[in-house]
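K.L.:
got a predicted structure here, sequence first:
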Amino acid sequence: MQISIVQLSDVKNQLNSRIDAEYWHPDLVRLSNKIRLASVKLGDLIEDGYRVVYENTEILTKREVADDFPQFLQAADIESPIINIEKSGYVSSADWLRYEKGRATKGEILLEVKGNVQKVAIVPDDFPEKVLISGTLYKFTVNDNVNKYFLAVYLSCGLGQKLKSRLISNIATPFISKSELYEIPIPILNYTFQNKIEEIYHQLLRKRKKSDGLFKQAQSLLLSELGLNNWQPKHRLTFIKNYSDTEQAKRIDAEYYQPKYEEIVKAIKSYYGGWDMLGNLVTVKKCVEVGSGEYLDEGIPFVRVSNLSPFEVTEEKYISEKLYQELKQHQPNRGEILFSKDATPGIAFYLSETPQMMIPSGGILRLKNKSNKINNEYLALVLNSILTKEQVNRDVGGSVILHWRPDQVKEAVIPILPEAKQNQIQQKVTESFNLRKQSKHLLECAKKAVEIAIEQDEQTAGKWLENKINDM
């Protein structure tokens, strides 16, 4: 058992006179005291800060808006320090005019203050012109007393995360108020070290940008081969289908018969290289649910659909070693593809390396290639492409809770590109993933270097960082 003995005067000197044990945890007290010896408050560095509280704002999807509609950036769209604006929602032009202070400005720091309070990013120079920032994020600029890139990395590193988490004031809906946020101590490190962190920050952004570009090139190669590179799905209000079609599909809802779905399937089935159903190309294994009562704060990762992306598997919930042993037949293996069928169907992640111990949830399928017609990187790209997304939209249309049944998954049609084309796509995907891993590694090195500088000194941190970069 750990205890902290705290003076009443120290409690009263805190902004909100916190008396909860979590706030006064010995490790957090030591960390806070150490940083405060040579630090300033975040509020002393902020030049212009704002968090928007929206009223009656409807978030629109891409299919509901025109090209000039403002986008709406939420914390979920941030992969610290990258902002993924492509999947964000939209708001009306009226909201754009109404919430002028909520507009994103290039160079601003965005800090998550509601929810997990972990996301941090800087609005890049090539950011879209019309973007509103969600109330889950606090947006601010800083004065010349700190390098904003160093500050972003500090707020992302383990020490910075602990200090932010200490300030969470609502357990039901975690939230950091402006007054508490401004109290976060920021260490004063020399400008040479801060500028070195900025160099690493720009380097990791360049690698990530190149990675994204290669992945888009791979997608473009696929769609160009099918004559769909400039194709855009169009929702039609009226169209005619034969009754025999409804008998064959056993569906009578109009959404299922939207011509855009037929256009996709027709392009695949008419491809000169041929096509096949996914069920003929892979084996499909269902995963398992454990129930929220089994969730732990640490242990073996329990991977849910929200942890799955085309590029990585994140961790959030955990289960015990004992439960893992009971369920280890669901442990994914190298060479498999994890594929979501519920909630957000159609997300595929290829396990190119031996994965760590984990159990995927019941909303995820394990696919294993059993054909010599396709390679795994190519298949994962197809599953993440608009080709599969539109087949998902057709099958789950009208559902409140999206669920793509395993039998529907097996019936998804997959184009079989020539081996040379597949290899070309595989090469771009592999290079894209390698660059993404390098970018992530650079970020982790920068965060660790900041922690070393705080716990030891900047010179030691600078040497450690230089060695890590040289090794990479």
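P.N.:
Good, I have the coordinates.
K.L.:
distance of the residue positioned nearest the centre of the chain relative to Lys234?
P.N.:
Nearest to the geometric centre of the chain sits Glu79, at 4.8 Å (CA atoms, centre = their mean). According to CB to CB, to the nearest Å, Glu79 and Lys234 sit 31 Å apart. In this view, the C-beta of every residue, glycine as well, is placed from N, C-alpha and C.
K.L.:
do Leu442 as well
P.N.:
For Leu442 relative to Lys234 (CB to CB), the value is 41 Å.
K.L.:
look at those two and report which has more neighbours.
P.N.:
More crowded of Leu442 and Lys234, by other CB atoms under 10 Å: Leu442, with 23 against 10.
K.L.:
in this structure that one contacts Gln203, no?
P.N.:
Yes - taking contacts as CB atoms under 8 Å, Leu442 lies within contact range of Gln203: 5.9 Å.
K.L.:
what comes up buried for stretch 345-361?
P.N.:
By 16 or more other CB atoms under 10 Å, the buried positions in stretch 345-361 come out as 345-351, 355, 358-361.
K.L.:
with just CA atoms, put that stretch into CSV.
P.N.:
The C-alpha trace of stretch 345-361 is given here as CSV (Å, rounded to 0.1, in the frame of the first residue of the first chain):
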residue,chain,number,x,y,z
PRO,A,345,-17.3,-2.9,-40.6
GLY,A,346,-14.6,-3.2,-43.3
ILE,A,347,-11.4,-2.3,-41.4
ALA,A,348,-8.5,-4.7,-42.2
PHE,A,349,-5.1,-4.9,-40.6
TYR,A,350,-2.5,-7.4,-41.9
LEU,A,351,-0.2,-9.0,-39.3
SER,A,352,3.0,-9.0,-41.2
GLU,A,353,5.0,-9.7,-38.0
THR,A,354,4.3,-12.1,-35.1
PRO,A,355,1.8,-10.2,-32.9
GLN,A,356,2.0,-9.9,-29.2
MET,A,357,-0.4,-11.8,-26.9
MET,A,358,-3.9,-10.5,-27.5
ILE,A,359,-7.5,-11.6,-27.9
PRO,A,360,-9.7,-9.9,-30.5
SER,A,361,-13.3,-9.2,-29.7
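K.L.:
for that stretch, what is the distance to the chain centroid?
P.N.:
Distance of stretch 345-361 from the chain centroid (CA atoms, centre = their mean, to the nearest Å) equals 15 Å.
K.L.:
repeat for stretch 400-416
P.N.:
In terms of CA atoms, centre = their mean, the centre of stretch 400-416 is found 23 Å from the chain centre.
K.L.:
same thing with stretch 118-127?
P.N.:
Here stretch 118-127 shows a centroid-to-chain-centroid distance of 14 Å under the convention CA atoms, centre = their mean.
K.L.:
check stretch 93-111 too.
P.N.:
On CA atoms, centre = their mean, the centre of stretch 93-111 falls 21 Å from that of its chain.
K.L.:
buried residues in that stretch, which are they?
P.N.:
Using 16+ other CB under 10 Å as the test for burial, stretch 93-111 gives 95-96, 99, 102-104, 108-111.
K.L.:
relative to Ile469, how far out is Leu97?
P.N.:
Leu97 is 46 Å from Ile469, where distance means CB to CB.
K.L.:
wait, Pro332
P.N.:
Pro332 sits 32 Å away from Ile469, taking CB to CB as the criterion.
K.L.:
which one of those two has more residues nearby?
P.N.:
Pro332 (24 against 17).
K.L.:
can you tell me the helix or strand for that one?
P.N.:
Using DSSP states H and E, Pro332 is not contained in any helix or strand.
K.L.:
contacting residues around it?
P.N.:
Listed by CB atoms under 8 Å, 6 or more residues apart in numbering, the contact partners of Pro332 are 338, 351, 355, 358, 360, 366.
K.L.:
report how many residues lie close to Lys266.
P.N.:
Around Lys266 there are 12 other residues, counting by other CB under 10 Å.
K.L.:
flag every buried residue along the helix or strand where it lies.
P.N.:
Per DSSP H and E: Lys266 is located in helix 259-269. For helix 259-269, a neighbour-count test (16+ other CB under 10 Å) marks 261, 264-265, 267-268 as buried.
K.L.:
do stretch 438-446 as well
P.N.:
Neighbour counts over stretch 438-446 (16+ other CB under 10 Å) mark 438-443, 445-446 as buried.
K.L.:
ok, stretch 158-175 next?
P.N.:
By 16+ other CB under 10 Å, the buried positions in stretch 158-175 come out as 159-161, 163-164, 166-168, 174-175.
K.L.:
nearest to Leu281 among these?
P.N.:
Set against Leu281, the nearest of these by CB to CB is Gln161 (42.1 Å).
K.L.:
please report how far the closest residue in space to the closest one that isn't next to it in sequence lies from Ser165.
P.N.:
Residue nearest to Gln161 in three dimensions, not counting chain neighbours: Gln118, with 6.3 Å by CB to CB, 6 or more residues apart in numbering. The spacing between Gln118 and Ser165, counted by CB to CB, is 8 Å.
K.L.:
tell me the average confidence for whichever strand or helix holds His441?
P.N.:
Here His441 sits within helix 419-455, counting by DSSP H and E. Helix 419-455 carries an average pLDDT of 96.
K.L.:
and the helix or strand just after that helix, what's buried?
P.N.:
Once the chain leaves helix 419-455, the next helix or strand it forms, by DSSP H and E, is helix 458-471. Buried residues in helix 458-471, defined by neighbour count with 16+ other CB under 10 Å: 458, 461-462, 464-465, 468-469.
K.L.:
over to stretch 74-90?
P.N.:
Buried residues in stretch 74-90, counted by 16+ other CB under 10 Å: 74-83, 85, 88-90.
K.L.:
closest one of these to Ser432?
P.N.:
Checking the buried residues of stretch 74-90 against Ser432 by CB to CB gives Ile82 as the nearest, at 13.9 Å.
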